[in-house]
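Chemist: Sequence below, structure please.
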Amino acid sequence: MRRWLVLLLLAVILLATFKVSLPVRAGTLEQNVHSEKIDWKQKKPKPVLVEGEYALGVPSLGGVFMKSSNQASAPIASLTKMMTAVLVIEAHPLGKNQSGPSIHFNQRDVQILHSDIANGDSVVQIKNGETMTERQALEALLIPSGDNIATKLAQWVSGSVPKFVAKMNSTAESWGMIHTHYADTSGVDPKTISDAQDQWLMAAKFMTFPVLREIVSQKSASVPVAGTVYNYNMLLGTDGIVGIKTGNTSQAGGNLAAAQRLSQNHKSILLISVILGQRSSPPLAKVFKVTPKLLHIAKANLISKTLVRKGQRVGNITFPWGQRIVLVAEQSLTISVVPGEHISQTLKLETDYRHLHQGVTAGQLTVKTPNNSYLVKVMPESTYKDPGLLWRILH
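Modeler: Below you'll find the model as predicted:
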């Protein structure tokens, strides 16, 4: 009998030892913060245009978030020169404070100048034998909007205007500008067409080039022969507006791609607007009047949102023996968002539960918007406690 009792006791000891040696079941992680969709801060604004079309957005926050419903391809006039300038810079990159290679003008260029003048086009004076640097030519293209300079740059880059125009169209297609077709390098040809949303994308691409950003922010420039030339953009320098390009023909009406530099959450944000087809006389005066109104509406709906606050309980871990450890954010997160954006939040524990210590980073909360991702460190409010021998034996 004693032998059986000893064996039974040994069996119980072995079972207890075995159960104590087993790892306890991990806790269940529960997330207290959830995904959401950003609504309009104010009632969704009504279009302020009685004619034409528009698109507004922030490149760093996902793109266009306001646009007119009547998007349709139409002549875009000198907004065309944004693509011309980008292709020149891609073919012959320019760093800040660099002038670039020299471009030589000949008698054929003078003939093109005279032809453009006869057609009533926007030109920059040149002469046979003149030399411009690439930087000066880009200034002549973008500031006084020289149509003859657009022709010269196309020939300089591709050898001929048709080859350059083909490159413009293939580039537009690769960028998803499906409502855009280029027929020339300057926009004089009414068969060069696009819509406001495509031109917003074009403007956003344009503003990624530091040299081009710098040029279109200038109110004037000095170029050979023509001397001081002036920017047609009358909004430049007002209320943070730093560019980009005007366009105006009888077929296109008044057009403007504008960029406004804002500060929110201690960060610089670029708001871009494109307005096409303003025909009230004079067309450019109309577009200069309407653009600030649209930018104001867009800015009012650019939302600064605190998604996580320091010390906020973002989740908890519950263990089978009843212990509950709360996870809190180590810092706040405030970001700029636009209406319509979806924000997701995902909590992840990166520390073994047995090593959870009060006040020590244990994981992270990942906050994602369509264009950006943010990380917030999280820590436990209390320290993990082993359930003890009795619980282990019984469970």
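
Chemist: residues in contact with the residue nearest the centre of the chain?
Modeler: Nearest to the geometric centre of the chain sits Pro59, at 1.8 Å (C-alpha atoms, centre = their mean). Listed by C-beta atoms under 8 Å, 6 or more residues apart in numbering, the contact set of Pro59 reads Ala204, Met207, Leu270, Ile272. The way it works is simple: take the backbone N, C-alpha and C, and place the C-beta from them, glycine included.

Chemist: Could you tell me the model confidence score at it?
Modeler: On pLDDT, Pro59 comes in at 94.

Chemist: Lys299 too?
Modeler: Lys299 is assigned a pLDDT of 87 by the prediction.

Chemist: Give the burial count for Ser273, as a bare number.
Modeler: Ser273: 27 surrounding residues under other C-beta atoms under 10 Å.

Chemist: The one 4 residues further on now?
Modeler: Neighbourhood size, Gly277 [other C-beta under 10 Å]: 23.

Chemist: Which residue ranges make up each domain of this protein?
Modeler: Per the record, the chain has its domains at 22-38+306-394, 53-300, by automatic domain parsing.

Chemist: Touching, Ile297 and Met66? I think so.
Modeler: Yes: applying C-beta atoms under 8 Å, one finds Ile297 in contact with Met66, separated by 7.3 Å.

Chemist: Please look at His179 and Gln199 and confirm they touch.
Modeler: No: counting by C-beta under 8 Å, His179 sits too far from Gln199 to count as a contact (9.3 Å).

Chemist: show me what contacts Gly100?
Modeler: Gly100 sits next to His92, Leu94, Thr133, Glu134, Arg135 when contact means C-beta under 8 Å, 6+ apart.

Chemist: quick one: low-confidence parts of the chain?
Modeler: Where the chain drops to pLDDT under 70, the residues are 1-2, 4-25, 40-48, 50, 389, 391-395.

Chemist: Tell me if I am right that Ala204 is in a helix.
Modeler: Yes: with DSSP: H, G, I helix; E, B strand; the rest coil as the criterion, Ala204 is part of a helix.

Chemist: how close does the nearest residue to it once chain neighbours are set aside get to Gly146?
Modeler: Distance criterion C-beta to C-beta, 6 or more residues apart in numbering; nearest residue to Ala204, sequence neighbours excluded, is Pro59 at 4.3 Å. To Gly146, Pro59 is 27 Å away according to C-beta to C-beta, to the nearest Å.

Chemist: Could you give me the PyMOL selection string for whichever of the contacts of Gly100 are buried?
Modeler: A single PyMOL command selects the buried members of the contacts of Gly100 (16 or more other C-beta atoms under 10 Å):
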select buried, resi 94+133+134+135
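
Chemist: okay, the contacts of Gly100 in TSV with distance to Ile241 next?
Modeler: Output for those, formatted as TSV (distance: C-beta to C-beta, whole Å):
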residue	distance to Ile241
His92	28
Leu94	23
Thr133	27
Glu134	26
Arg135	23
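
Chemist: a markdown table for the contacts of Gly100, including distance to Ser122 and secondary structure?
Modeler: Compiled in a markdown table, the contacts of Gly100 are given as follows (distance: C-beta to C-beta, whole Å; DSSP: H, G, I helix; E, B strand; the rest coil):
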| residue | distance to Ser122 | secondary structure |
| --- | --- | --- |
| His92 | 23 | coil |
| Leu94 | 23 | coil |
| Thr133 | 21 | strand |
| Glu134 | 20 | helix |
| Arg135 | 20 | helix |
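
Chemist: Just the closest of the contacts of Gly100 to Pro387, please.
Modeler: Sorting those by distance to Pro387 puts Leu94 at the head of the list, at 67.4 Å, by C-beta to C-beta.

Chemist: Isn't the closest one up against Gln136?
Modeler: No: with contact defined as C-beta under 8 Å, Leu94 does not reach Gln136; the gap is 11.2 Å.

Chemist: Around Ile149, how many other residues sit close by?
Modeler: A total of 34 residues lie near Ile149 under the criterion other C-beta under 10 Å.

Chemist: My error: substitute Ser60 in the last question.
Modeler: 14.

Chemist: Show me where the stretch 251-395 of the chain has its strands.
Modeler: 253-264, 267-278, 303-308, 313-318, 324-329, 333-337, 342-349, 363-368, 373-380 (DSSP state E, counting those that start in this stretch).

Chemist: CSV please, covering those and showing distance to Leu153.
Modeler: Formatted as CSV, those follow (distance: least, C-beta to C-beta, whole Å):
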stretch, distance to Leu153
strand 253-264, 19
strand 267-278, 23
strand 303-308, 41
strand 313-318, 54
strand 324-329, 53
strand 333-337, 36
strand 342-349, 42
strand 363-368, 41
strand 373-380, 39
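
Chemist: Of all these, which one is nearest Ser73?
Modeler: Smallest distance to Ser73 across the strands of the stretch 251-395 of the chain (C-beta to C-beta): 9.8 Å, for strand 267-278.

Chemist: Can you point out the buried residues in that closest one?
Modeler: Ile269, Leu270, Leu271, Ile272, Ser273, Val274, Ile275, Leu276, Gly277, Gln278.

Chemist: Could you do stretch 118-133 as well?
Modeler: Across stretch 118-133, burial judged by 16+ other C-beta under 10 Å covers Asp121, Ser122, Val123, Val124, Gln125, Ile126, Glu130, Met132, Thr133.

Chemist: From the opening residue of it to its closing one, how far?
Modeler: The straight-line separation of the ends of stretch 118-133 (C-alpha to C-alpha, to the nearest Å) is 27 Å.

Chemist: Please enumerate residues in contact with that stretch?
Modeler: 78, 99-107, 109-110, 113, 116-117, 140, 144-149, 186, 188, 223-226, 229.

Chemist: Look up the closest residue to Thr192, ignoring the ones flanking it.
Modeler: Ala183 (4.6 Å).
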